[in-house]
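**Student:** whatever this is, show me its structure:
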Amino acid sequence: MIRLAALMVLLLATILPAQAERLISNVSNTTVQITSSFTGETLTFYGTIAPDAGAGPEQVQGPYDVVVVVVGPAQDRVARQMTHQFGIWLNTHQVEFRRFPSYFHVLSSRRLLEIADINLLNQSFILPESHAMMFPNPAGFMKTLVFGRELIRLMSEQDLFGVQEQGVQFMSDTFYSAQLTLPANAPPGSYIAQTYVFRNGEIIARRSEGFSVRKIDFERFLAQTATQSPLLYGIACVALALFTGWLGGVLFRR
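**Tutor:** Model prediction:
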């Protein structure tokens, strides 16, 4: 029976097509440090499409497309609609999005809809709208889609969401490079860069790299204090405000 099972595995291995390509990729910096003078940082994502184990160089044949999706830490977000009623602006409708990316940026070698079908892009969470559409929401599909697009628009205005088509450049038939500038307001936490290799509209290889954005020095101390000791942090802020007001009064009195 063992020999029969081994023979079946061998036959299946000869029948099933082997994956010819594998992706070797990396990121230029695995830790981005936020200080008081932080104005953003540029990261480089690069890699090559190489033959898989047992495949020869002649089996690595393009043309290829590469898409790099950078996702920041997930947060709960609420999108609200304001309407003008009785002479004042009020929040009348809202939709909550659970575990929504705090940062999302896509870089691609050409237009996304030229690379693959929109259904595949949505299923792989490559399009920004995928994160609003692909998860069930009690608000309903259409309302979730409308509010999700508005949330993405607002976050795009803050440089937290974006799509950079033509952002991936091929240096050769198989070697690519892409640059992304994290904004000064990039949320701290763990980030994932998911790289996809497409050929003829299908994903043939993928790979993930992680990097972190973290506060250091005094900024880190303030962030930890606000999170771990909110009461102490609040008292300190009030005391600092009172002291600043008193000192300003003394200086201007003179």
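**Student:** residue 119: what secondary structure?
**Tutor:** Look at residue 119: counting by DSSP: H, G, I helix; E, B strand; the rest coil, its state is helix.
**Student:** would you mind measuring from it to residue 129?
**Tutor:** Using CB to CB, to the nearest Å, residue 119 is found at 13 Å from residue 129. (Each C-beta comes from the backbone N, C-alpha and C, glycine too.)
**Student:** next one: residue 212
**Tutor:** Using CB to CB, residue 212 is found at 27 Å from residue 129.
**Student:** check residue 82 too.
**Tutor:** From residue 82 to residue 129 the distance is 22 Å (CB to CB).
**Student:** likewise for residue 138?
**Tutor:** 19 Å.
**Student:** looking at those two, which is more packed in?
**Tutor:** residue 129 (15 against 8; other CB atoms under 10 Å).
**Student:** in this structure, which spans are helices?
**Tutor:** Along the chain, counting by DSSP state H, helices occupy 2-15, 112-115, 118-123, 130-133, 141-157, 217-228, 230-253.
**Student:** can you flag the weakest of these by average pLDDT?
**Tutor:** Among the helices of the chain, helix 2-15 carries the lowest mean pLDDT, at a mean of 39.
**Student:** can you list the domains in the chain?
**Tutor:** For the chain, automatic domain parsing gives the domain ranges 19-215, 216-254.
**Student:** highest mean neighbour count out of the ones you listed?
**Tutor:** Most buried of the domains of the chain by mean neighbour count (mean count of other CB atoms under 10 Å) is domain 19-215; its value is a mean of 16.
**Student:** pull the distance from it to the chain's centre.
**Tutor:** Distance of domain 19-215 from the chain centroid (CA atoms, centre = their mean, to the nearest Å) equals 4 Å.
**Student:** before we move on, the earlier item: worst average pLDDT in the domains of the chain?
**Tutor:** Note on the domains of the chain: domain 216-254 shows the lowest mean pLDDT, a mean of 62.
**Student:** residue contacts, residue 156?
**Tutor:** Counting by CB atoms under 8 Å, 6 or more residues apart in numbering, residue 156 makes contact with residue 162.
**Student:** beta-bridge partners for the residue nearest the centre of the chain, please?
**Tutor:** In the chain, the C-alpha nearest the mean C-alpha coordinate belongs to residue 71, at 1.4 Å (CA atoms, centre = their mean). Using DSSP bridges, the bridge partners assigned to residue 71 are residue 104, residue 192.
**Student:** make sure it is actually in contact with residue 187.
**Tutor:** No. The pair residue 71 / residue 187 is not scored as a contact, 11.2 Å apart, by CB atoms under 8 Å.
**Student:** quick check: neighbours shared by those two?
**Tutor:** Taking CB under 8 Å, 6+ apart as the contact rule, residue 71 and residue 187 both touch residue 103.
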